[in-house]
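J.: Take a look and give me a structure for this.
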Amino acid sequence: MGKFLGMDQATAVASAIALLAAPAVAAEPAGPAPLPLDQPTTVNGVEAACTGVGQTRNDPQWSAYGVRIEFSNALNEYLGAGAIRLKDRAGTTLLEASCDAPWILLRLPAGAYSVEGWIPGSPAKPRSAPIKAPRSGQTRFVLQFPDV
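T.: Numbering: from 1, shown residues only. Purely as a prediction, here's the structure:
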């Protein structure tokens, strides 16, 4: 038999078969998309923004977002890092995003949705709530994490 990269053909074939038979390693899930701070962005077709810190929270551009989701603790103090999963009425996930500020703003068609929020890396229990995107104006939804 001939040699293949320093191995005889039988060893090379056995090595190739072993590699093909090895169980595939599942990739880690990507997790929620991190939203850039104070910059409008689009994730899966949903316009979103991450803000709420300092003077930037007073920027008039944020009032154009119909839904404002806030993260707070039991004392109603803002929490600076949260993540959400937004679903439509049918239960289809529209957006998963994380934010290093207390507000996630969403520009959505008017209608009913549900949101689940959590604090990544925290033992705090996730919170969920029905939300309704208004036809005009902005509606505020607070996800409170008393166990933080």
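J.: so W62 sits in a helix?
T.: Yes: looking at W62 with DSSP: H, G, I helix; E, B strand; the rest coil, it is inside a helix.
J.: how about the strands in this protein?
T.: 3-4, 7-8, 33-34, 41-43, 46-51, 67-73, 82-88, 93-99, 103-107, 111-118, 127-133, 139-145 (DSSP state E).
J.: Taking the centroid of the chain, which residue is nearest it?
T.: A97 (2.1 Å; Cα atoms, centre = their mean).
J.: What residues are bridge-paired with it?
T.: A33, I84 (DSSP bridges).
J.: related to what we said a few turns ago, among the strands of the chain, which comes closest to D59?
T.: Comparing these against D59 with Cβ to Cβ, the closest turns out to be strand 46-51 (7.4 Å). Where you see a C-beta, it was placed from the backbone N, CA and C, and this is true even at glycine.
J.: residues in contact with the closest one?
T.: For strand 46-51, contacts defined as Cβ atoms under 8 Å, 6 or more residues apart in numbering pick out 35-42, 57, 59, 62, 65, 86, 94-95, 97, 99-101, 103-108.
J.: try it again with 7 Å
T.: 35-41, 57, 62, 65, 86, 94-95, 97, 99-101, 103-108 (Cβ atoms under 7 Å, 6 or more residues apart in numbering).
J.: The residues you listed, buried ones only, as a PyMOL selection?
T.: In PyMOL, this line selects whichever of the contacts of strand 46-51 come out buried by 16 or more other Cβ atoms under 10 Å:
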select buried, resi 35+38+40+62+65+86+94+95+97+99+101+103+104+105+106+108
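J.: T56 contacts D38, correct?
T.: Yes: between T56 and D38 there is a contact under Cβ atoms under 7 Å: 4.8 Å.
J.: For Q144, grab the count of nearby residues.
T.: 17 (other Cβ atoms under 10 Å).
J.: any idea how far W103 is from the closest residue to it other than its chain neighbours?
T.: Leaving out its chain neighbours, the residue that sits closest to Q144 by Cβ to Cβ, 6 or more residues apart in numbering is S72, at 5.1 Å. As judged by Cβ to Cβ, to the nearest Å, S72 and W103 stand 11 Å apart.
J.: now do G82
T.: 9 Å.
J.: One more: D59?
T.: 11 Å.
J.: Check G52 too.
T.: Remark: distance between G52 and W103 (Cβ to Cβ) = 3 Å.
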